[in-house]
Structure formats: structure tokens, C-alpha cells
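the amino acid sequence is not available; the structure is as follows:
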């Protein structure tokens, strides 16, 4: 209900004298002011009731927030301005009577004082199914966000298209295909979405269109319900195998973060937007530098092994370099040999793209490529500088990789790297081999490339190169001597000598170097705004 609008009671009594009959030169309204305002109050009260106390009580019993409670957790207190408050189903009078707000709360509010457009599904009203009226409500919010330059947030929990409304040619003609911008993403402003509990149809579509999507564990996100899918394929389908959170975390990569509660989902949406500009024509917001940021950079040397073949967790190094508590990771269980995260560096938003040697030695799988591409597109579309931390032996090869379309993903990766227009700095931490070196921002694919002294750069791993060049394998006589000879050419000094690496720094100097380099390479002529060459890149593929 619109903020500050109380539900009033009738102000007329039964003793009110009859009104005088109008004369020919007088005009009176069909209803008295008091009567029509009372009618408005009645309709508002009905809209506030959502699906009724019984359904709302069942949600409370199982610890699930209702739509208004989710809205309260998402936006700043007292900031909501609702539109479409009196919207109802247009299918029939009977449907209208049981569809307050047509199952979707839509309007505008603020998050951390900045305007956002919001859609929150009310599952207690007809399962928040998609109807003609609520489609218009959502379209209005989305259109306003795009045109006026503010983020769009969708909190999904729905059963899909409303039946029988969508059946037949009349239903299809009224409900589908009438908005050519419904699923067009040009990334004019950020989109964020949540998949909560039962998320079919539009709740799934908008997560797949979003720049950031969060899912509550125990929820299901899929095209259709298990019941419909079971009928279609003639066998029973379980919720988890159809679209449970583990499938999206580990196999599809369609969801960026996973949480345990509704409150945590709303907090994740808020936090994501804290890194984002309101639209692609402005810079992301800065924040105060967290206490302790930059302290004890020597810890990097404790994390980084001295032996080249020992693995380590790159996430621990990221936590040291960037502002305390600012690292906001995407897709942590998908393509795990790569790490992508929003973070802050001296209070300014940056995107972090890194290899993680702890998983597969940091070799880039098809899934890791997809994850990096998605994140690169996000950063470039919203004017977020990119810092790459490179330690990779190359791309994953083999029959399985080829079946997963590795060559296509590698070329998409290369294309995204070449199309990036925001400031970008590459740090070669240790291994940088083959085409992966280029895809990760090596050579001229950056504004600045720096390296640690332990960096090694070559076309392939020296063990493989020794086997190919000298026809010797580990254990053969002369292999170790041949390997030592090959390794002489890997060291970073030759690259620094010919100025292919712009500088060689100590690992503990990385934070201060990045701060200064990004200051130098900011886009002054455009006010920091990039060219957005990837603004129409698919959000899911």
C-alpha cells in the first residue's frame, strides 16, 4: 500500500440530511466525495490483504517471508512508492475478485538512498502467475528503469503463466509477444534478481536475464513445474534434479550466489547494487576505505609457495590485496579454476578476474571461460575497471573439453578480452602459458601489465615442452638437464627487458601499484565511461 495513506472509515452518519435535488444549471458528482474516497479505502484494504490470512499464516509457520516482508527487507524503510496497487486480473470478474495487485507488488524505492525499480512476486495470490495486468505492471517498471537510469530488481517466486488465461489464440494474443523489449538486454541499467522457493516461468527468465542472480537453497528454478515436465516426458521428475540449487551452482552457472534465507537473499541483492552505478552513463559509487585495508601485505609471501609446482588458494591473496571485507564473489562453485569478484581498492569498485591454482592447477575449463566472460561483460558494461591475477598453465584439453565446446568458449573469451574498454591491469603472478596468457590480458590486451619476479611465461608448460623438443619424458636420462635448459627461458626478466612487461614488482607491492596504475589509466576524456561494446552480449548461453 502507498506509504502514508491510511485506510479511513466512513465519515457520514445515517442522520445526514438528504441532499437537495440539482437544478438545471447545477452539476453534482455521481457519488459524494466521502463515498468515493471510502470506496478507494476499501479497495486499498483488499489489496493489502494479499492472498488472505490463512495463506500468510502458513508462510509464517514455515519461516518464509511474504512479499511485503521481502520488500521491507530489500529497500530503505519508508521509501516505497507503489504503482499498480489496484491492479487485478482482467480475465473475468471472478478472477478479479481473488487477485489483489494481480499477484505482483511493483513500484519504486531506494537502496542505500539510491532509486531502484522493484517487482516482488506475491505467491499467496494465484501463485504469482503471469497475467495480462501484472505483465503490464512489470513492463512499466522495467521501461521506467531503462529510460530514467536506475537499477531494476525482481524478487521471484511464481508458478509460471496463468491458466486458463493464456490458453487459446485470444489468451496468447493478449499475453505473449506484445512487448518487444521484455527480454532485450542492452545493459542500460543493472538488473538483479532472486529465485526463491518455487521459481518457474518469469521468475526463471528474469534470473537468466539479470546481471546478478541469487537463489535460496531448497528452492527450485526451472522452465516449468515438475508436474508439467513429468506429464510431458512421461516419467516422474524430482524437484532437485529439475532445477535445484546445486544444479545451478555446479552445472548451469545461471545463478551467482546461494543463501539460506529470504533475508540473506535480500541482503545479497542490496550488496550487489552497492557496487553498481545507477546506469551505464555514470561511475560506480565509492565507499570509505575499511579499517585495516592494505595492512600486512607481506602475508602474500606466506600464501605463495616457493616451489613452482605447489598449489595455493588465490582467494586468500585476493583478500589481502583488496579492501577488507569488500570481496563479493560470483559463481564460487562453477568453473572453480577461475575466481571472479567485485571488490574495492582504496574505496573504488573494481572487478577481479583470477586463476586459482588450487583447482586443476588453474587450468581454464569451458565453465571457467564462461564465468570470466560473463563477468567481463558486466564490468565493461558498467564502467568497472578490471584487475586480472594470472597463474594458469593454459586451457583444459581433452575429449571431454572438446565435447563441451572448448574452442568456441576460448574464442568467446578472446573476443571479450579484445572488446574490453574499461581500464584493465594484468598481474602475472606465476604461470602464464599459451593462448590463456593472451585471454587473461597478456601482451597488449591491457592498459598495464606487471609481473612478480617468480612469474614464468612461455607457450606451454616446460615439462611438456621438454618432452616435445628433446623427446624425453620425466625419468629418462638427460631429462632433468634438458628441463633446466628450457626453464631458463621462462623467467620474466627477458620480457621486462624488451618492455613487454611494463614492470616487475614484489608481491607485497601489488596493492599500492594497482591503486596508482588505475589512477593513471582512468578515462578522463569520457569521465570514466567505457564504450560498452559488449552491451548486447547474451546474459546466458
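Everything's here; your move. Just so we're clear, the structure is a prediction, and the values are computed from it rather than from any experiment.

find the residue at the geometric middle of this protein.
In the chain, the C-alpha closest to the average C-alpha coordinate belongs to residue 212, at a distance of 1.0 Å (CA atoms, centre = their mean).

got the confidence number for that residue?
Looking at residue 212, its pLDDT is 98.

also residue 238?
Confidence score, pLDDT, at residue 238: 73.

any idea how far residue 247 is from it?
11 Å (CB to CB, to the nearest Å). All C-beta spots, glycine's among them, are computed from the backbone N, C-alpha and C.

and these two? Which one has more around it.
residue 247 (17 against 10; other CB atoms under 10 Å).

from what I see, the more buried one and residue 240 are in contact.
Yes - counting by CB atoms under 8 Å, residue 247 touches residue 240, with 7.5 Å between them.

gap between the two ends of stretch 358-376?
End-to-end distance for stretch 358-376: 22 Å, by CA to CA, to the nearest Å.

also stretch 245-260?
The straight-line separation of the ends of stretch 245-260 (CA to CA) is 11 Å.

cool, stretch 193-207 as well?
5 Å.

and if you look at stretch 429-438?
14 Å.

so for it, what gets flagged as buried?
Across stretch 429-438, burial judged by 16 or more other CB atoms under 10 Å covers 429-438.

following the chain onward from the helix or strand hosting residue 38, which element is next?
Following DSSP states H and E, one finds residue 38 within helix 33-48. Next helix or strand after helix 33-48 toward the C-terminus (DSSP H and E): helix 53-61.

secondary structure element for residue 106, which one?
strand 104-111.

list the helices and strands that strand packs on?
helix 67-74, strand 81-83, strand 114-121, helix 132-148, helix 262-274 (3 or more CB pairs under 8 Å, 6 or more residues apart in numbering; DSSP states H and E).

deepest of these, which one?
strand 114-121 (a mean of 25; mean count of other CB atoms under 10 Å).

quick one, strands of the stretch 201-350 of the chain?
All strands of the stretch 201-350 of the chain, identified by DSSP state E, counting those that start in this stretch, fall at 212-216, 220-222, 257-259, 328-330, 338-345, 348-355.

how about a markdown table for those strands, with distance to residue 120 added?
Shown next, in a markdown table, are these (distance: least, CB to CB, whole Å):
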| stretch | distance to residue 120 |
| --- | --- |
| strand 212-216 | 14 |
| strand 220-222 | 17 |
| strand 257-259 | 17 |
| strand 328-330 | 23 |
| strand 338-345 | 24 |
| strand 348-355 | 27 |
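
return the member of those having the minimum mean pLDDT.
strand 220-222 (a mean of 92).

and that one, how far out from the chain's middle?
Taking CA atoms, centre = their mean, to the nearest Å, one finds the center of strand 220-222 at 17 Å from the center of the full chain.

what of stretch 294-304?
For stretch 294-304, the distance to the chain centre is 30 Å (CA atoms, centre = their mean).

how long is it end to end?
Note: stretch 294-304 ends 17 Å apart using CA to CA.

list the buried residues of that stretch.
For stretch 294-304, by 16+ other CB under 10 Å, it's 294, 297, 299-300, 304.

do you know which of the helices and strands packed on strand 104-111 lies nearest residue 313?
Among the helices and strands packed on strand 104-111, the nearest to residue 313 by CB to CB is helix 262-274 (22.7 Å).

the closest one packs against which elements?
helix 67-74, strand 104-111, strand 152-158, strand 191-200, strand 212-216, strand 257-259.

switch the cut-off to 7 Å
helix 67-74, strand 191-200, strand 212-216, strand 257-259 (3 or more CB pairs under 7 Å, 6 or more residues apart in numbering; DSSP states H and E).

and these as CSV, adding distance to residue 423?
Shown next, in CSV, are the helices and strands packed on helix 262-274 (distance: least, CB to CB, whole Å):
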stretch, distance to residue 423
helix 67-74, 32
strand 191-200, 24
strand 212-216, 22
strand 257-259, 26
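
out of those, nearest to residue 506?
strand 257-259 (33.8 Å).

can you list the strands that that closest one pairs with?
Taking DSSP bridges as the criterion, strand 257-259 forms sheet pairs with strand 212-216 (parallel).

identify the residue nearest residue 268 in space, chain neighbours excluded?
residue 214 (4.4 Å; CB to CB, 6 or more residues apart in numbering).

quick revisit: now do the strand holding residue 106: distance to the chain's middle.
For strand 104-111, the distance to the chain centre is 19 Å (CA atoms, centre = their mean).

and stretch 356-370, what's its mean pLDDT?
On average, stretch 356-370 scores 96.

repeat for stretch 43-51
Mean predicted confidence for stretch 43-51 is 93.

now swap in stretch 55-70 and tell me
Here the average pLDDT along stretch 55-70 is 95.

next, the buried residues of it.
In stretch 55-70, counting by 16+ other CB under 10 Å, buried: 56, 59, 64-70.

stretch 519-534 now?
Buried, per 16+ other CB under 10 Å, within stretch 519-534: 521, 523, 528-530, 532-534.

so how many other residues sit close to residue 504?
Around residue 504 there are 16 residues (other CB under 10 Å).

and it, its phi and psi?
Backbone geometry at residue 504, expressed as degrees, to the nearest 10, gives phi -120, psi 130.

so what sits opposite it in the bridge?
residue 451.

isn't it right next to residue 451, touching?
Yes - at 5.3 Å, residue 504 and residue 451 qualify as touching, with contact defined as CB atoms under 7 Å.

which residues do these two both contact?
In terms of CB atoms under 7 Å, 6 or more residues apart in numbering, residue 504 and residue 451 are both contacted by the residues residue 492.

contact partners for the residue nearest to residue 362 when sequence neighbours are not counted?
Leaving aside its sequence neighbours, residue 362 sits nearest to residue 355 (CB to CB, 6+ apart; 3.8 Å). The contact partners of residue 355, taken as CB under 7 Å, 6+ apart, are 314, 337-338, 362, 390-392.
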